[in-house]
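In: Generate coordinates for the sequence data below:
(2 chains)
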Number of protein chains: 2
Amino acid sequence: MTHLKYARVMRTITRVPGFSAGSADAGLRRQPALDVALIVSDRPCTAAGVFTTNRVRAAPVLLDEARLRDTVEGYRAVLINAGCANACTGEQGMRNAAESAAWVGKALGCAPESVLVMSTGVIGTQLPMDRLQPGISAAARVLDPEGWHDASRAILTTDTQPKRARALHEGAVIAGIAKGAGMIAPNMATMLALVVTSAAVPPPLLDQALREAVAHSFNRIVVDGDMSTNDTVLVLANGASRVQVTPETLPAFTLKLTAVCVALAQAVVRDAEGATQFITLEITGAPDVASARQIGHTIATSPLVKTAFYGGDANWGRILAAAGRAGIALDPDRLALWYDDLQLVAAGAPLDYDEALANRIAGQSEVTVRLDLGLGEAAATIWTCDLSHDYVSINGHYRT
Amino acid sequence: MTHLKYARVMRTITRVPGFSAGSADAGLRRQPALDVALIVSDRPCTAAGVFTTNRVRAAPVLLDEARLRDTVEGYRAVLINAGCANACTGEQGMRNAAESAAWVGKALGCAPESVLVMSTGVIGTQLPMDRLQPGISAAARVLDPEGWHDASRAILTTDTQPKRARALHEGAVIAGIAKGAGMIAPNMATMLALVVTSAAVPPPLLDQALREAVAHSFNRIVVDGDMSTNDTVLVLANGASRVQVTPETLPAFTLKLTAVCVALAQAVVRDAEGATQFITLEITGAPDVASARQIGHTIATSPLVKTAFYGGDANWGRILAAAGRAGIALDPDRLALWYDDLQLVAAGAPLDYDEALANRIAGQSEVTVRLDLGLGEAAATIWTCDLSHDYVSINGHYRT
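Out: Numbering: from 1, shown residues only, chains lettered A, B, ... in the order given. Below you'll find the model as predicted:
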C-alpha cells in the first residue's frame, strides 16, 4: 500500500450510477433527527462484508453474515438505523432484524433476502418496530440519486461530522459512508461503513479487495480499545458503469477501495469522542508487522499515553513503558523515539532535547510519533487520538 | 484463598520487632515533602521479590533482581525514593542505583550488597544524586522503630492516602507499606510494596508465600491497564520474633501475608487516580480461572465500562461487549449479569428490571458486578475503579 498517497479521494458524494439513497426520522433517537437510511441499487449487486470479531454479536451482524454465507449476489438494498444497536436482544432481536429487511423488500418490490441491515446505538433494547416500519416507508418514498448527504447524517450517533469518501476506478465510482466515534479498536469498532461501487466486481474479487482494504484502514485505527458488537463494513457492486474488475485490474481497484476506506477510517478517528488530536503512530524497525501492530495498539490504548498528549506533555516514558508491556520481545537499549522530526530518545535513553519544543509538538492537533525498535525492517502505522475530559463526559452520560 | 476473609488485618503499623524506618525530604519532588524512606533491620533478613513483567525495566528493578539472583539472605535495608523512577536512564541510571545503595550501606555500616532499592516518579530523568546523598544521611539519622507512618508517606506520588497493613502470624508481625495510584494492571503496576515480617522464613518458603500472595492481591487489581517499568513487591523476614515458618505452617503464614497484600492492593484501587468508585468484578461460571481473569481484565480496562460507572449509568451492554472481545470462547446466550443483588441479564438478554435502581447501584461508591458465563465452575475476582474527569486532569498534567 505504498502508493496509497497517490490515490485521490474526495469527501463528497454526488451520484453513484444505479444507486439512490433515502432517509427519514423514525423517532428512534431521543431528539428529532434523521435515524433511518436506505441505500438502494436499481439492479442486483455482488456483495462482501467484514464483521466484528466480538463474540457478542448483534442481530443485524448475525443476519448479514448468514445471508452472505448463503449467497454473495443479487443484493438490492441496505437498511441502516441509528438509536438502537439491536444487540443482546435474543430471539426477538433476530426476528426484528429479519422483519425490518422484509419491510424494505416489500417497499421496494424485491426479495426480503436481497436486503442487508445495519444497526447502531444503545445495546440491550429492542428495536421499536412500530416506529421503524413507517420510517422505512418514508425513506423509500424519498429515494434520490443525490440522497447521500442525508444518508451519511442519518447513520450517526455521537459523531459530530458525517463521513463520506469517493474515488474513481477507470471511470467507475467507489463511494462510502461511515459512522463511528467511540469503541474503536483494531479489528473493527462501533463502526459501520457501507461502500458502493458502480464497477462490476465478481464476488471472490470483491471479497479479496474488501479484506485488504479493511486491513489497511479500519483495522489500523484505535480510539479506546473497545470493540463493538455491531461492527460491519459492507461493499456492494452493481456494475452500472460497465467497468469490469478482473484479476488483472484487481490491484488498481483494491488501491482505490483502500483509499476510500482509509479516508473513512481517518475521519472516524478525527471525530472520535472528545478527541482534540489526531495522532499517527509509526512503529518501525520491528521484527515483523504483527509485532509492530501489537506495540502500536498497546501504545494507542494506553490511557496514560493518551492523557499525556491531551495535556500537551511530552511524557515519552509512558510510550516506552506501554511498548514494554505489549508482550513483544524488545530490547530497551535499542529504542529510539521521535515526536514529528524531533528525536527525544536514542538507545533507550533521553537525548538533550528542547523540552519546551517537545511539549509544544505533543500538544499539536496533528502529531506523528515514531518509535523505532532497532530490531528489524518491519513497520506498521496506527492512527489514534488523545483522551480528554470530553471523552469521559460523553461516555459517562451517553444514555442519561 | 477462601479463608481470606477470616484473616484480620489492621491499617496501622506501630512496631515490627527488629525493624526501624527513617524518612527525609531530599528535594526530589517539586514541592517540599518527604521523598526518601529507609527501612532497616537490626539483623540480616531473608528476602524475596516479584518484579514488573514490562520489557522496559527501571534501574532499581534490574539491580534488585540481580542481587536476589545472587543471594536471598543477609539483607539489611531497603531504600525507597519518590520523585524520580530512574527508568530509561541507561548505564548512568544503573550506576546511580548501585551508588545510592552503597551510600545506605555506608550510613548503616553494612555491606552495599545488603541493600535493595526502589524508585517511583517520572520516567527518563536521572536521579539527582547531589540531593539524594544528604537525603539518605538525613533518613538514616532519624531511624525509629515507630517511623512507619512517615515512611508510608514518603513513598507516595499521586496517591492521596498512605497505604499500610498489618497482620499477625503466631505472634510474629507481618506489616507492609505500598504506593500506587495509576498505571495499575494485573501483573503489577506503578506499584511499590515492601512487606516485612519478624518471623523467620527460609528463603524458598518466603518466595513461595510471596508469589501466592501477589497472585491473589496485586495481580488482581486494575486501574488503567498500564504496567509500570518499576513495579516491585519485596518481602524481608528477620526472625526477630523467634517464630519459625516451616513447611507445615507455610499455608497459615501465606494466608496472613496474602491478607496484608490484599489490603494494600485494595487500598491502591481505592486511591486510584481520580477514582470515585471501588468496583468488584466477579466472573463466575468460567471454563477455567485464566479465562475468568482474562474477561475480568478486559472489562476492567474498558474505558466505556469505566466511564459508564462514573456516570452512574447501568449501561450493561458495554460489559457484555467487553467480555465478548476478551478472546475467550463464550456463548452469548448463556450470559447472566448482576449489579449487587439485582439481576439485569439472563440468557444473554435483558430482564425487565428496575432501571432507576440499576443506575443507582451503578453510581454507588462500592459496587459488585457479577458476570456468569454459564460454561463451567471456575471464577476470578478483579478489583477496579471508574474513569473520571479527574483521571484525565491528573494524567494530562502530571509533569507540568
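
In: C-alpha from now on. contacts and neighbour counts both.
Out: Will do.

In: Check which residues of stretch A:11-23 are buried.
Out: By 16 or more other CA atoms under 10 Å in any protein chain shown, the buried positions in stretch A:11-23 come out as A:Arg11, A:Thr12, A:Ile13, A:Arg15, A:Val16, A:Pro17, A:Gly18, A:Phe19, A:Ser20, A:Ala21, A:Gly22, A:Ser23.

In: For that stretch, C-alpha coordinates in PDB please.
Out: The C-alpha trace of stretch A:11-23 is given here as PDB (Å, rounded to 0.1, in the frame of the first residue of the first chain):
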ATOM      1  CA  ARG A  11     -15.000  14.000   0.600                       C
ATOM      2  CA  THR A  12     -18.400  14.400  -1.100                       C
ATOM      3  CA  ILE A  13     -20.600  12.000  -2.900                       C
ATOM      4  CA  THR A  14     -23.000  13.300  -5.600                       C
ATOM      5  CA  ARG A  15     -24.200  10.400  -7.700                       C
ATOM      6  CA  VAL A  16     -23.100   6.700  -7.900                       C
ATOM      7  CA  PRO A  17     -24.600   5.300 -11.100                       C
ATOM      8  CA  GLY A  18     -27.500   3.000 -10.400                       C
ATOM      9  CA  PHE A  19     -27.700   3.800  -6.600                       C
ATOM     10  CA  SER A  20     -30.000   6.000  -4.700                       C
ATOM     11  CA  ALA A  21     -30.500   6.800  -1.000                       C
ATOM     12  CA  GLY A  22     -33.400   7.900   1.100                       C
ATOM     13  CA  SER A  23     -33.500   8.900   4.800                       C
END
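
In: returning to what we had before: nearest to chain B, of the buried residues of stretch A:11-23?
Out: Nearest to chain B among the buried residues of stretch A:11-23: A:Ser23, at 27.4 Å, using CA to the nearest CA.

In: can I assume that closest one sits in a strand?
Out: Yes: judged by DSSP: H, G, I helix; E, B strand; the rest coil, A:Ser23 forms part of a strand.

In: what's the span of stretch A:300-315, first residue to last?
Out: One end of stretch A:300-315 to the other measures 14 Å (CA to CA, to the nearest Å).

In: Counting neighbours, what do you get for the residue lying closest to A:Gly74 once chain neighbours are set aside?
Out: Nearest residue to A:Gly74 in three dimensions, chain neighbours excluded: A:Pro44, at 4.4 Å (CA to CA, 6 or more residues apart in numbering or on different chains). A count of nearby residues for A:Pro44, using other CA atoms under 10 Å in any protein chain shown, gives 20.

In: cool, and the one 5 residues further on?
Out: Using other CA under 10 Å, A:Gly49 has 20 neighbouring residues.

In: OK, contacts around it?
Out: Going by CA atoms under 8 Å, 6 or more residues apart in numbering or on different chains, A:Gly49 touches A:Glu65, A:Leu68, A:Asp207, A:Leu210, A:Thr232, A:Val233, A:Leu234, A:Val235.

In: for chain A, what are the low-confidence residue spans?
Out: Across chain A, the ranges flagged by pLDDT under 70 are A:1-3, A:5-6, A:182-190, A:223-227, A:397-400.

In: quick one: the residue of chain A most remote from its centre and A:Val345, what's the gap?
Out: Distance from the centre of chain A peaks at A:Asp352, with 39.8 Å (CA atoms, centre = their mean). Separation of A:Asp352 from A:Val345 (CA to CA): 9 Å.

In: quick one: the helices in the stretch 301-400 of chain A?
Out: Applying DSSP state H, counting those that start in this stretch to the stretch 301-400 of chain A gives helices spanning A:303-310, A:317-324, A:355-362, A:389-396.

In: From the contact counts, what lies against the first one?
Out: Using 3 or more CA pairs under 8 Å, 6 or more residues apart in numbering or on different chains; DSSP states H and E as the contact definition, the elements that helix A:303-310 packs against are helix A:317-324, helix B:389-396.

In: Which residues of the stretch 301-400 of chain A lie near chain B?
Out: For the stretch 301-400 of chain A, the residues in contact with chain B (CA under 8 Å from any CA of the partner chain) are A:302-304, A:307-313, A:315, A:317-318, A:320-325, A:329-333, A:348-350, A:387-389, A:392-393, A:395-400.

In: Kindly give a single PyMOL line that selects the buried subset of those.
Out: Filtering those down to the buried ones (16+ other CA under 10 Å) takes a single PyMOL command:
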select buried, chain A and resi 302+303+304+307+308+309+310+311+312+313+315+317+318+320+321+322+323+324+325+330+332+333+348+349+350+387+388+389+392+393+395+396+397+398
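
In: With just CA atoms, put stretch A:301-309 into PDB.
Out: Below are the C-alpha coordinates for stretch A:301-309, written out as PDB (Å, rounded to 0.1, in the frame of the first residue of the first chain):
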ATOM      1  CA  THR A 301      -4.900   2.200  24.000                       C
ATOM      2  CA  SER A 302      -2.800   3.400  26.900                       C
ATOM      3  CA  PRO A 303      -4.800   5.900  28.900                       C
ATOM      4  CA  LEU A 304      -1.600   7.300  30.300                       C
ATOM      5  CA  VAL A 305      -0.200   8.000  26.800                       C
ATOM      6  CA  LYS A 306      -3.500   9.400  25.600                       C
ATOM      7  CA  THR A 307      -4.000  11.800  28.600                       C
ATOM      8  CA  ALA A 308      -0.300  13.000  28.300                       C
ATOM      9  CA  PHE A 309      -1.000  14.100  24.700                       C
END
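
In: What segments of the stretch 101-250 of chain A are strands?
Out: Counting by DSSP state E, counting those that start in this stretch, the stretch 101-250 of chain A has these strands, from start to end: A:115-119, A:163-169, A:172-179, A:192-197, A:199-200, A:232-237, A:243-244.

In: and the second one, how far out from the chain's middle?
Out: From the chain centre to the centre of strand A:163-169 is a distance of 14 Å (CA atoms, centre = their mean, to the nearest Å).

In: and what of the last one?
Out: A distance of 26 Å separates the centroid of the chain from that of strand A:243-244, by CA atoms, centre = their mean.

In: tell me what it is packed against?
Out: strand A:199-200.

In: Which other helices and strands does the strand it packs on contact?
Out: Looks like strand A:199-200 contacts strand A:172-179, strand A:243-244 (3+ CA pairs under 8 Å, 6+ apart).

In: possible to save the helices and strands packed on helix A:303-310 as CSV with distance to A:Thr284?
Out: Formatted as CSV, these follow (distance: least, CA to CA, whole Å):
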stretch, distance to A:Thr284
helix A:317-324, 12
helix B:389-396, 27
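
In: can you tell which of those is closest to B:Leu168?
Out: helix B:389-396 (35.9 Å; CA to CA).

In: Give me the angle between the closest one and helix A:303-310.
Out: 70 degrees (axes from the mean of the first three to the mean of the last three CA atoms, to 10 degrees).

In: Could I have the CA atoms of helix B:389-396 written out in PDB?
Out: Taking C-alpha atoms only, helix B:389-396 is exported to PDB below (Å, rounded to 0.1, in the frame of the first residue of the first chain):
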ATOM      1  CA  HIS B 389     -12.700  13.700  34.700                       C
ATOM      2  CA  ASP B 390     -10.000  13.800  37.400                       C
ATOM      3  CA  TYR B 391      -8.100  10.900  36.000                       C
ATOM      4  CA  VAL B 392      -7.700  12.900  32.800                       C
ATOM      5  CA  SER B 393      -6.700  16.000  34.700                       C
ATOM      6  CA  ILE B 394      -4.200  14.200  36.900                       C
ATOM      7  CA  ASN B 395      -2.500  12.400  34.000                       C
ATOM      8  CA  GLY B 396      -2.700  15.100  31.500                       C
END
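
In: which residues make contact with it from outside it?
Out: With contact meaning CA under 8 Å, 6+ apart, helix B:389-396 is reached by A:304, A:307-313, A:387-389, A:392-393, B:273-275.

In: From the residues you listed, pick the one nearest A:Gly135.
Out: Out of the contacts of helix B:389-396, the member with the shortest distance to A:Gly135 (by CA to CA) is A:Ser393, at 30.9 Å.

In: Return the distance of stretch A:97-115 from the chain's centre.
Out: In this view, stretch A:97-115 has its centroid 26 Å away from the chain centroid, taken as CA atoms, centre = their mean.
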